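Novice: Turn this into a structure:
(one chain, ligands or ions: 2)
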Amino acid sequence: MTTTTAESPYQSYVYAYPHKTAYRPLPDRPALREVWAGERQHALSLYLHVPFCEVRCGFCNLFTRIGSPEGLTTAYLDALERQATAVRAALDTGARFALAAFGGGTPTYLAAAELTRLCDIAEQRMGVDLRAVPLSVEASPDTCTPDRLAVLAERGTTRLSIGVQSFLDTEARSAVRPQKRAAVETALDRARAAGFPVLNIDLIYGIDGQTERSWLRSLDAALGWQPEELYLYPLYVRPLTGLGRRSPGPSPAWDAQRLALYRAGRDHLLAAGYEQVSMRMFRRSGAATASTGEYACQTDGMVGLGCGARSYTSKLHYSFDYAVDASAVRGIIDAYVAGTDFDRAEHGWEMSGDEPRRRHLLQSLLQAEGVDLAAYRRRFGSSPRQDFPAELAAFEERGWLTADGAALTPEGLAHSDAIGPALFSAEVAARMEAYEAR
Ligand SMILES: C[S@@+](CC[C@H](N)C(=O)[O-])C[C@H]1O[C@@H](n2cnc3c(N)ncnc32)[C@H](O)[C@@H]1O
Ligand code: SF4
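Specialist: Numbers count the residues shown, from 1 in each chain. Ligands and ions are numbered 1, 2, ... in the order given. From the prediction side, this is the model:
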C-alpha cells in the first residue's frame, strides 16, 4: 500500500537509520559476544521496550498489544531479566551506560511494583546507575497514576514524556484515541507534582477536522503547563492501523493542511520562547534539558532489551522480528516470553560501505543545529559534500540547505521527512519497499 505521493513533504519519519523494515533474518545468527567485541562501550545507551497499551490508537503502528492476559506482564519481565543477563554477559566487563530510556508501547501500563522491577533489571542486571544518568520514560495520560509516577521519580527519571496528541476530545476521537481532556489535565498535574526535571508533551497535527484555530488551542493548552519540551508530530496514516483501514489515502490537500499547521505551530512556539531542535522537537529556552549525557547518537552503541527493541553497534543493527497486526504482535511477544536463547542477534542489517556516513549525516542534518563538519571529517576524512554531492545539490536547489551545506534552512526543516528518505541508500530503500507489513 502506498502511503504517500512522490512529491509529498511527508515521505517518512526518519528517527533512526535504517528503519526496522530494512532488517532481515540474519542467516548465521551471530553470537552477541562477537557482535559487541571490539566496540566502544564506555558510553552506551540502554533502551527497555514495554509492548503493552490499554488501547490501540487509530494512528499507531508501534510494536505493542492491547492489554495483557493474567500473568503476561510478569512473564514478560521474567524474559526481560533473562535477556538482560545474557546481554550483559556479552558486553565487556568495563561497559558503562551513559543514558537510559523506557519506551513502548506504554511503559506506565506496568503497575508500580512492576516498574520497580523494570528499574531493578536495568540497575542490577545491566549495571546502569539510573539516578546518575539521564532517564526518559514514555507515558499515556490514563496510566499516569500517583503510585507509578512516584516510583519513576524516586528511581531517577529525568524526563517524562506524555502522549496527549490533542487537548480537544473531538480531535482525539477523530484520531481514534479514546481520551478525555480532564484525564489529560489530571495526568499533567500529577507529572508536575512528581517533580520530573523535564516534562514533554506529544501533540499531533493533520487530524481530520482539525483547523489552525483548533490546533493553536491545543498548543495553548499545552503551553499552559510550560513543558520543557514539546514534540509536534505530523499525522501519518500507516498500513494495518485503525485509520489506515479506512483512510482515503494520501492527498495534496492533506499535505497542504499538515504543512500549514506545521508552520503555524512552529511560529507559535517560537513566539512563546521555545527553540526548535528538529522538525518535531521544541525546547523551552533556558529550561532544564534532558541531556543525552556523554552519549552521542551518531557514534555510540545502543543496547535494546524487550522484543520490540533494537540494538546498534558500529557494524550491526539488530532486533527481534517486527509486526503491526494484532495477532502477529501477540505471536512475537508469546515467543519472546517463552524464550531462553537470548545470546544471538536474530534480525538485522550490516552497516557496511557508505551506510555509517549516511547515518551520521542523517542524524546530524535533521537536527536544527546541523552537521559538525569538523567532527564528520575527523570520523570519515571527508565532507558530506564530497560523499553525497548529488543529494546535497538537490536539497540546495530547493532552498533547503544553508550556504555552508551544514544545516537545513527553515524550509528544509519543514521538509525533513522528504530529506531523510532521499538520503537512504538504494539497498535500504529497496528492502523497505519490499517489506510486507504484517
Ligand atoms: C510511544 S507513543 C507515546 C506514549 C504513549 N504510548 C501514548 O500514546 O501516550 C509515541 C508518540 O508517537 C506519536 N505517534 C505515533 N504514531 C504516530 C502517527 N502515525 N502519526 C503521528 N504521530 C504518531 C504520538 O504523538 C505518540 O505520543
Ligand atoms: S499511541 Fe501510545 S497508547 Fe496509543 S497504541 Fe501507540 S503506543 Fe499505545
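Novice: and the protein, which of its residues are near ligand 2?
Specialist: C53, R56, C57, C60, L62, T64, G104, G105, T106, S140, G163 (Cβ under 6 Å from any ligand atom). For the C-beta atoms, the positions are set from N, CA and C on the backbone; glycine is no exception.
Novice: While we're on T299, how confident is the model there?
Specialist: Listed pLDDT for T299 reads 72.
Novice: Could I get the average pLDDT for stretch 261-277?
Specialist: Averaged over stretch 261-277, pLDDT sits at 98.
Novice: Now do the lowest-mean-pLDDT helix or strand in the chain: distance to the chain's middle.
Specialist: Counting by mean pLDDT, DSSP states H and E, the chain has its least confident helix or strand at helix 242-246, which shows a mean of 88. Put simply, helix 242-246 sits 22 Å off its chain's centre (Cα atoms, centre = their mean, to the nearest Å).
Novice: helices and strands around it, which ones?
Specialist: The helices and strands touching helix 242-246, judged by 3 or more Cβ pairs under 8 Å, 6 or more residues apart in numbering; DSSP states H and E, number zero.
Novice: Is there any residue in that helix that contacts ligand 1?
Specialist: No. Judged by Cβ under 6 Å from any ligand atom, helix 242-246 makes no contact with ligand 1; its nearest approach is 7.8 Å.
Novice: Over to stretch 158-171?
Specialist: Yes. For stretch 158-171, a contact with ligand 1 is found by Cβ under 6 Å from any ligand atom, at G163, Q165.
Novice: So among the residues of the chain next to ligand 2, where is pLDDT lowest?
Specialist: Ranked by pLDDT, the residues of the chain next to ligand 2 bottom out at L62 (91).
Novice: What sits closest to that residue if chain neighbours are left out?
Specialist: G105 (6.4 Å; Cβ to Cβ, 6 or more residues apart in numbering).
Novice: so how far is G249 from that neighbour?
Specialist: Distance, G105 to G249, using Cβ to Cβ, to the nearest Å: 28 Å.
Novice: More neighbours: which of these two?
Specialist: G105 (22 against 12; other Cβ atoms under 10 Å).
Novice: Who are the contact partners of that one?
Specialist: Each residue near G105 by Cβ atoms under 8 Å, 6 or more residues apart in numbering is listed here: H49, V50, P51, F52, C53, L62, F63, T64, E138, G308.
Novice: measure it to S136 for me?
Specialist: With the distance defined as Cβ to Cβ, G105 ends up 14 Å from S136.
Novice: Ramachandran coordinates for the residue of the chain found nearest ligand 1?
Specialist: Closest residue of the chain to ligand 1, Cβ to the nearest ligand atom: G163 (2.2 Å). Main-chain dihedrals, G163, degrees, to the nearest 10: phi -80, psi 110.
Novice: Dig out what it forms beta bridges with.
Specialist: Beta-bridge pairing for G163 (DSSP bridges): D202.
Novice: So it sits against V137, correct?
Specialist: No. G163 sits out of contact with V137 when judged by Cβ atoms under 8 Å, with a separation of 11.9 Å.
Novice: neighbour-wise, which of these two wins?
Specialist: The neighbour comparison of G163 against V137 (other Cβ under 10 Å) goes to V137, with 28 against 23.
Novice: Quick one: residues contacting the more buried one.
Specialist: Shown in contact with V137 (Cβ under 8 Å, 6+ apart): A101, F102, G103, P107, T108, L152, T157, R159, L160, S161.
Novice: how about it, secondary structure?
Specialist: Of the three states, V137 takes strand under DSSP: H, G, I helix; E, B strand; the rest coil.
Novice: now the helices: where do they sit in the stretch 251-400 of the chain?
Specialist: All helices of the stretch 251-400 of the chain, identified by DSSP state H, counting those that start in this stretch, fall at 252-271, 326-337, 355-365, 373-380, 384-387, 389-397.
Novice: residues touching the nearest residue to F97 once chain neighbours are set aside, list them.
Specialist: Of all residues beyond its chain neighbours, the one nearest F97 is V128 (4.2 Å), with distances taken as Cβ to Cβ, 6+ apart. Taking Cβ under 8 Å, 6+ apart as the contact definition, V128 lies against L46, F97, A100, A122.
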